[in-house]
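In: build me a structure from this.
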Amino acid sequence: MGKEVKFKNRDRFVQLGITIAKLRKEQGLSQDKLAELADISRSYLSVIEAPGSACDFDLEVLYDIADALNIRAAELIDASEK
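Out: Residues are numbered from 1 along each chain as shown. Got it, this is the predicted structure:
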């Protein structure tokens, strides 16, 4: 998994995880299914989505999750900042 998130970026990662969970649920996907589509483990996705957790994950994982959600990675980041 990722390294510890710097304090200044903590809220960004938390919000990104919350946004991923929201979009996943809107699309009717389980964590198991999204993890399978993104080629990551369900437990890793669970950590990314956890509302109180700031999981630092790399761009490759971000792109894989965005592709699985049929959204551009930039749109996913933009949605998390609103």
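
In: give me the contacts around the lengthiest helix in the chain.
Out: For the chain, the longest helix by residue count, based on DSSP state H, is helix 7-26. Contacts made with helix 7-26 from outside it, assessed by C-beta atoms under 8 Å, 6 or more residues apart in numbering, are listed as 5, 31, 34, 45, 48-56, 65, 69, 71, 76-77, 79-81. Yep, even glycine has a C-beta here, placed from its N, CA and C like the rest.

In: give me that answer again for 6 Å
Out: 5, 34, 48, 49, 51, 54, 65, 69, 79, 80 (C-beta atoms under 6 Å, 6 or more residues apart in numbering).

In: now do the contacts for the last one.
Out: What that stands for is residue 80. Contacts of residue 80 (C-beta under 6 Å, 6+ apart): 15, 16, 19.

In: rounded mean pLDDT for the longest helix of the chain, please.
Out: Helix 7-26 shows a mean pLDDT of 91.

In: what of stretch 40-58?
Out: For stretch 40-58, the mean per-residue pLDDT is 90.

In: span of that stretch from start to end?
Out: Distance across stretch 40-58, first residue to last, is 12 Å (C-alpha to C-alpha, to the nearest Å).

In: again, but for stretch 69-76
Out: 9 Å.

In: ok, and for that stretch, which residues are buried?
Out: If you call a residue buried by 16 or more other C-beta atoms under 10 Å, then stretch 69-76 has these buried ones: 69, 71, 76.

In: cool, and stretch 45-56?
Out: In terms of neighbour count (16+ other C-beta under 10 Å), stretch 45-56 has its buried residues at 45, 47, 48, 49, 54, 55.
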